[in-house]
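Novice: for reference, the sequence and a predicted model appear below.
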Amino acid sequence: MPAVENIVFIGSAGVLSEIPLRVLLQQGIEIGAIAILDSTRQQLEQKPATLADIRVGDDESLSSSASLLEIAEQYGIDIIVLDDQLSNAATILNASQPDLILMSCFPRKLPASIYQLPMLGCFNLHPSLLPQYRGPSPVHWQCEHKVAQSGVSVHQVNAEFDQGDIAIQKHISTRHCVNKRELAYKLSLLGGEALVELVDAVAKDNLTLTPQSEAVASYYGFPGG
């Protein structure tokens, strides 16, 4: 059985990084380090203590999300700062000797020197049912197209954006999602569950990977681009 002793989480600002990471930690999964871009670090240092509250549908309950810097401080996790061109990323991450890399909402394509580094693989959390809605803004386009069903996909990272083999996929109805923020919040919670399942499957050595079908694939760029 593989030992998952050192997990590096690569993320950015926003609930689609912050909430999945918190779900992992709340489930007792230890994270050895959190890696972010230097521009993300600057952004998070300038933001308020927590993100704005998110109203979930007609429910009066509100949820808020702590930033990656706040989560790192709360749990005593090291922060790894990568330059925005990732020129130092392979060297820095190699020094951390990760067994497994998890990534969510990271705005850069990882070079092979990074995604091939961990013995147990490198996996990305994408907020759509891949291979549909590949690209940088899947939540926006799913709301724009008023899809009836959405979900999250955890896939292997390879040389192409959002095209690696799928390890975990979870579905959710979007009929009661009223806006992009609400959908992003719900998908972030679902994504946390998916990452927990992934770590468990890796630890038990029973992970099954499914290639994506190009016949039904779709890609959407940035809104207005």
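Specialist: Right, received. Where do you want to start?

Novice: any buried residues in the strand or helix carrying Thr91, and which?
Specialist: Taking DSSP states H and E as the criterion, the element that holds Thr91 is helix 89-96. Residues of helix 89-96 classed as buried: Ala89, Ala90, Ile92, Leu93, Ser96 (neighbour count, 16 or more other CB atoms under 10 Å). All C-beta spots, glycine's among them, are computed from the backbone N, C-alpha and C.

Novice: can you check stretch 20-30 too?
Specialist: Of the residues in stretch 20-30, those scored as buried under the neighbour-count criterion (16+ other CB under 10 Å) are Pro20, Leu21, Arg22, Val23, Leu24, Leu25, Ile29.

Novice: now do stretch 197-208
Specialist: Applying a neighbour-count criterion of 16+ other CB under 10 Å, one finds Leu198, Val199, Val202, Ala203, Leu207 buried in stretch 197-208.

Novice: now the residues you listed in TSV, with distance to Cys177 and secondary structure?
Specialist: As requested, the buried residues of stretch 197-208 are exported to TSV (distance: CB to CB, whole Å; DSSP: H, G, I helix; E, B strand; the rest coil):
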residue	distance to Cys177	secondary structure
Leu198	24	helix
Val199	27	helix
Val202	30	helix
Ala203	33	helix
Leu207	30	coil
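
Novice: tell me the one of those residues nearest Ile7?
Specialist: Distances from Ile7 to those, taken as CB to CB, are shortest for Val199 (7.2 Å).

Novice: for the closest one, which non-adjacent residue is spatially closest?
Specialist: Using CB to CB, 6 or more residues apart in numbering and skipping the chain neighbours, the partner closest in space to Val199 is Ile29 (5.5 Å).

Novice: dump the buried residues of stretch 20-30 to JSON lines, plus distance to Glu144, pLDDT and secondary structure.
Specialist: Shown next, in JSON lines, are the buried residues of stretch 20-30 (distance: CB to CB, whole Å; pLDDT from 0 to 100; DSSP: H, G, I helix; E, B strand; the rest coil):
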{"residue": "Pro20", "distance to Glu144": "23", "pLDDT": "97", "secondary structure": "helix"}
{"residue": "Leu21", "distance to Glu144": "27", "pLDDT": "97", "secondary structure": "helix"}
{"residue": "Arg22", "distance to Glu144": "28", "pLDDT": "95", "secondary structure": "helix"}
{"residue": "Val23", "distance to Glu144": "27", "pLDDT": "96", "secondary structure": "helix"}
{"residue": "Leu24", "distance to Glu144": "30", "pLDDT": "97", "secondary structure": "helix"}
{"residue": "Leu25", "distance to Glu144": "33", "pLDDT": "96", "secondary structure": "helix"}
{"residue": "Ile29", "distance to Glu144": "34", "pLDDT": "96", "secondary structure": "coil"}
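
Novice: thanks a lot, catch you later.
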